[in-house]
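Novice: 3D, please:
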Amino acid sequence: MMIDRFLVVPAVAGLVLLPALADADERKAAEVECTPAEHRTLTYDCMIALKGRKSGMPIVDAEFTVGADMPSMPGAHNVRPVPAEPHDTPGMYRARIELEMTGEWNLKLDFTKPDRDRVNKKLHFGGMDGHGEHDHTSHGHTE
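Specialist: Modelled structure (predicted):
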């Protein structure tokens, strides 16, 4: 009778763990919305909604940073990554980023938990011309 108990317990424990393991391997989908921070030029408060790409379930307890670079000028403009913080709603996170200029930026969400992953999101910040008042000559650009 004692043997039956030991065989049943591992089987039941395995069934309970299977759904949790499947979610840990699921790729992430992110919706990002950034709004200008009050009284701060080129500083944006970003809200990030994380869900499993297939399941659509919110991803909670994620650990990741948010960095940015300009796809139109590789290597010229890079924003140091900042840690994202959990928000009150499950699957929601926030981060404040400080950009160098207006234009199209590629936000890089680099995850360390629940697993290593990267999600890229292209967003446009500020004026439509993408150049604002920034001086490109200091980077070796002509305009």
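
Novice: can you count the residues close to Asp61?
Specialist: A count of nearby residues for Asp61, using other CB atoms under 10 Å, gives 8. (C-beta placed from N, C-alpha, C; glycine too.)

Novice: over to the one 4 residues further on?
Specialist: A total of 15 residues lie near Thr65 under the criterion other CB under 10 Å.

Novice: same deal with Pro90?
Specialist: By other CB under 10 Å, 12 other residues sit near Pro90.

Novice: so which residue is dead centre in the chain?
Specialist: By CA atoms, centre = their mean, the chain has its centre lying nearest to Leu109, at 3.2 Å.

Novice: my guess is that one meets Phe64, correct?
Specialist: Yes: using CB atoms under 8 Å, Leu109 is in contact with Phe64, at 5.2 Å.

Novice: lowest-pLDDT helix or strand in the chain?
Specialist: helix 2-24 (a mean of 42; mean pLDDT, DSSP states H and E).

Novice: residue ranges in the chain under the pLDDT threshold?
Specialist: 1-25, 127-143 (pLDDT under 70).

Novice: now do the strands in it.
Specialist: Secondary structure of the chain (DSSP state E): strands at 28-36, 43-52, 63-69, 78-83, 85-86, 92-98, 103-113, 117-125.

Novice: burial count for the spatially closest residue to Met70 that is not a sequence neighbour?
Specialist: Closest residue to Met70 apart from its sequence neighbours, by CB to CB, 6 or more residues apart in numbering: His77 at 4.3 Å. Residues near His77, counting by other CB under 10 Å, number 19.
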